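# Predicted model and sequence below, questions to follow.
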Amino acid sequence: MSGHGNGGTRALLNARLIDPASGLNATGGVIIEDGRIAAIGPEVTAETARARGIPEEAIEDCAGLWLVPGLVDMRVFTGEPGHEYRETLASAAEAAAAGGVTTIIVMPDTEPPIDDAALVDFILRRARATAKVRVHPMAAITQKLEGRLMSEVGLLKEAGAVALTDGRRAVASSRVFARAMAYARDFGMPVVQHVEDAELAGGGVMHNGEVSARLGLPGIPRQAELIALERDLRLVEMTGAHYHAAQISCAESVDIIRRAKERGLPVSCGVSISHLLLNEHDIGAYRTFFKLSPPLRTEEDRAALVTGVAEGVIDVIVSSHDPQSADTKRLPFAEAAFGAIGVETLLSAALSLAHGGAVDTLRLFEALTVAPARLLGLDTGVLKPGAPADITLIDPHRSWRVTEDALHSRSRNTPFENRVFEGRAVRTIVAGETVFDYDAAG
C-alpha cells in the first residue's frame, strides 16, 4: 500500500461506533496510534484524548457519523496484469477507498493468471507500490484456470495467497477439485468456487424463465447452480476442506447451504450486492450492465437471498467488481461480456437494506467486514485495541447519485447508473492514514 505508514496519533470522538465482532453499537470515540487502534468505546472522550497527550488539532468531533471497521470486499476483479485499460490495482484501490472499502481481495483471472508464487509476489509488490488500500490475492486452483492440472498450493500460500479459486470458472473435474481440496485443507486455505455447471449453463445469458423467453434470450437454469453446489458439498464431506461458494443466486441454494451448516460441514457462502437489490426484470430492454454471472434471478430468489443474509446463512456480501470496457458491453445482450463494477457502490447499496429494515445494521456490517476477514484469516474488519486502524466514517443520510463522473473505476459498467443512494462513506482510513475524504474530494 503506497503511503501507508504510521498515521501518528489522533482521536475521533462522538461517533456512532458499530463493531459487529464485539456487538458494539454505541456513541463513543476511537484513539489511533501508530496505525493501530489504541482505545475504543463510549469512555473515549476529549478528556481521555487530552490525558494521552493528543494535541487539540488531532482531536476531531465526528458529530454522530457512523464509525465502522473498513469494509473487506472478497471478490474484486482487476485488469492487472494484462488488461490494465479495464482496471489497475491502483484504480481499483481508488474506487474501493471512495466506497469505504479498506481491503480488496483480487481474483486470479488476469493475463497471465495468478497461478504461481511469482505472480502472487508481483501482485503484492505492485499493490504496495501503487494501491491506497490493502490488497490480498486469491490464487488459481488450477494452472492457467484450465481446470486440468492443480496449482502448487503450498508455494502459493507461502507467497501470500489467502485462498484458492478459479475465479469466474468452476472446476468441472470432480477428481481435480477433490485433490485440490485435500491439499487446501492440509495448508489451511479456503477453496472458493464459482458455483455453476458450465455444461448446463452453456450458451445461456440470463436466468431461464418467463422473462428470458419473452426477450428471446437463451437461459441459464437454476439447476446449473444447484447441481454444482450439491456436488461440491459431497466433496467437502469427502475431504473436510473449508469450502466457500463465491456467490449464490437462488432460494434453493440458501436452503442447501443452511442444511450443510446444520450438518456441521465447514462451508460458507457469499452473495453479490447486485443479487440482493436487483432481479431479472431489471434487464428491461436488453441492458447489458445487468448481464451478470450468476444471472439475476426472480424476485422470490432475491427476497430469499436477503433473508439468507439477515439470518446469517449467507456469510458475506461482495461487490463482485468486474470492470468491462465499452467494447465488451456495448454489444447485443447475447454477445456482451458478463460482469458489473461495484466496489464503490457496495456500501451505499448495502445500506439500503439496513434503512429498509430488511437486514439488522450489525448483521449487515458483519457480512461486509469481520466475516470475510475471518474466513480469509485476516486481522482486519474489527474495531478493538491492537487491530489495524482501518476505519470507515459513514454519513448514513448523505444522498448521492451514481453517475459516470462520480465513479473512480476505469470502467463504467455499473448496474446502479443514475440511482440515488442514501448513505455513503465520507472518510476512509487505512492504517491510520486518510485515503479518501469525500468533502475534500467534492
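Cool, got the structure. Because the structure is predicted, anything quoted here is derived from the model rather than measured.

# what residues does stretch 175-186 touch?
The set of residues external to stretch 175-186 that reach it, using C-beta atoms under 8 Å, 6 or more residues apart in numbering, is 141-142, 147-151, 153-154, 164, 171, 190-191, 193, 232, 235-236, 238-243. The C-beta positions use only the backbone N, C-alpha and C, and glycine is treated the same way.

# Buried ones in it, by neighbour count?
Residues of stretch 175-186 classed as buried: V176, F177, A178, R179, A180, M181, A182, Y183, A184, R185 (neighbour count, 16 or more other C-beta atoms under 10 Å).

# Alpha carbons of that stretch, as PDB, please.
C-alpha atoms of stretch 175-186 as PDB (Å, rounded to 0.1, in the frame of the first residue of the first chain):
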ATOM      1  CA  ARG A 175     -11.200 -35.600  -9.300                       C
ATOM      2  CA  VAL A 176      -9.100 -32.500  -9.800                       C
ATOM      3  CA  PHE A 177     -11.300 -30.500  -7.400                       C
ATOM      4  CA  ALA A 178     -11.300 -33.200  -4.700                       C
ATOM      5  CA  ARG A 179      -7.500 -33.300  -4.900                       C
ATOM      6  CA  ALA A 180      -7.100 -29.600  -4.700                       C
ATOM      7  CA  MET A 181      -9.500 -29.500  -1.700                       C
ATOM      8  CA  ALA A 182      -7.400 -32.100   0.100                       C
ATOM      9  CA  TYR A 183      -4.200 -30.000  -0.400                       C
ATOM     10  CA  ALA A 184      -6.000 -26.800   0.500                       C
ATOM     11  CA  ARG A 185      -7.200 -28.500   3.700                       C
ATOM     12  CA  ASP A 186      -3.700 -29.500   4.600                       C
END
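
# re earlier: ok, of the contacts of stretch 175-186, which come out buried?
When the contacts of stretch 175-186 are checked for burial by 16+ other C-beta under 10 Å, the buried set is 141-142, 147, 150-151, 153, 164, 171, 190-191, 193, 232, 235-236, 239, 241-243.

# Just those residues: which are in strands?
Judged by DSSP state E, these include L164, V191, Q193, Y243 as members of strands.

# Spatially nearest residue to E366 (excluding sequence neighbours)?
Spatially, and ignoring its direct neighbours in sequence, E366 is nearest to P20 (3.6 Å; C-beta to C-beta, 6 or more residues apart in numbering).

# List the residues that contact the one you found.
By C-beta under 8 Å, 6+ apart, the contact list for P20 reads P69, L362, R363, F365, E366, T369, V370, A371.

# Swap in 7 Å and give it another go.
By C-beta atoms under 7 Å, 6 or more residues apart in numbering, P20 lies in contact with L362, F365, E366, T369, V370.

# who's the residue nearest to V236 when sequence neighbours are not counted bridged to?
Computed as C-beta to C-beta, 6+ apart, the closest residue to V236 that is not its neighbour in sequence is Y243, at 4.6 Å. With DSSP bridges as the criterion, Y243 is bridged to V191, V267.

# doesn't R234 make contact with Y243?
No. The criterion here is C-beta atoms under 7 Å, and Y243 misses it with R234 at 10.7 Å.

# Quick one: neighbours of R263, just the number.
As a burial measure, R263 scores 11 neighbours (other C-beta atoms under 10 Å).

# Domains in this structure, by residue range?
The chain is divided into the following domains under automatic domain parsing: 10-67+387-400+422-441, 70-375.

# the helices in the stretch 151-300 of the chain, which residues?
With DSSP state H, counting those that start in this stretch, the ranges of helices along the stretch 151-300 of the chain come out as 153-159, 174-186, 198-201, 210-215, 223-239, 251-262, 273-277, 299-311.

# among those, which is nearest A11?
helix 273-277 (32.4 Å; C-beta to C-beta).

# Restricting to C-alpha, output that closest one in CSV.
Output of helix 273-277 as CSV, limited to C-alpha atoms (Å, rounded to 0.1, in the frame of the first residue of the first chain):
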residue,chain,number,x,y,z
ILE,A,273,-24.9,-6.8,-3.7
SER,A,274,-26.4,-6.8,-7.2
HIS,A,275,-28.3,-10.0,-6.4
LEU,A,276,-29.6,-8.6,-3.2
LEU,A,277,-31.0,-5.4,-4.9
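
# Can you spell out which helices and strands pack onto that helix?
helix 299-311, helix 346-355 (3 or more C-beta pairs under 7 Å, 6 or more residues apart in numbering; DSSP states H and E).

# And it, how far out from the chain middle?
Remark: helix 273-277 is offset 12 Å from the chain centroid, using C-alpha atoms, centre = their mean, to the nearest Å.

# just stretch 115-128 next, same as before
Worked out by C-alpha atoms, centre = their mean, stretch 115-128 lies 20 Å from the chain centre.

# Show me what counts as buried in it.
D115, D116, A117, L119, V120, F122, I123, L124, R126, A127.

# Over to stretch 423-442?
Buried-residue list, stretch 423-442, by 16+ other C-beta under 10 Å: 423-438.

# avg pLDDT for that stretch?
Averaged over stretch 423-442, pLDDT sits at 93.

# which residues touch that stretch?
With C-beta under 7 Å, 6+ apart as the criterion, stretch 423-442 contacts 1, 3-4, 6-8, 32, 35, 65, 70, 97-100, 102, 132-134, 347-348, 351, 355, 388-398, 400.

# Tell me the one of the buried residues of stretch 175-186 nearest R259?
Taking these together and measuring to R259 by C-beta to C-beta, the closest member is M181, at 19.5 Å.

# I'd like the distance between the nearest residue to the closest one once chain neighbours are set aside and V430.
Excluding the flanking residues, the one nearest M181 by C-beta to C-beta, 6+ apart is A241, at 3.7 Å. According to C-beta to C-beta, to the nearest Å, A241 stands 32 Å off from V430.
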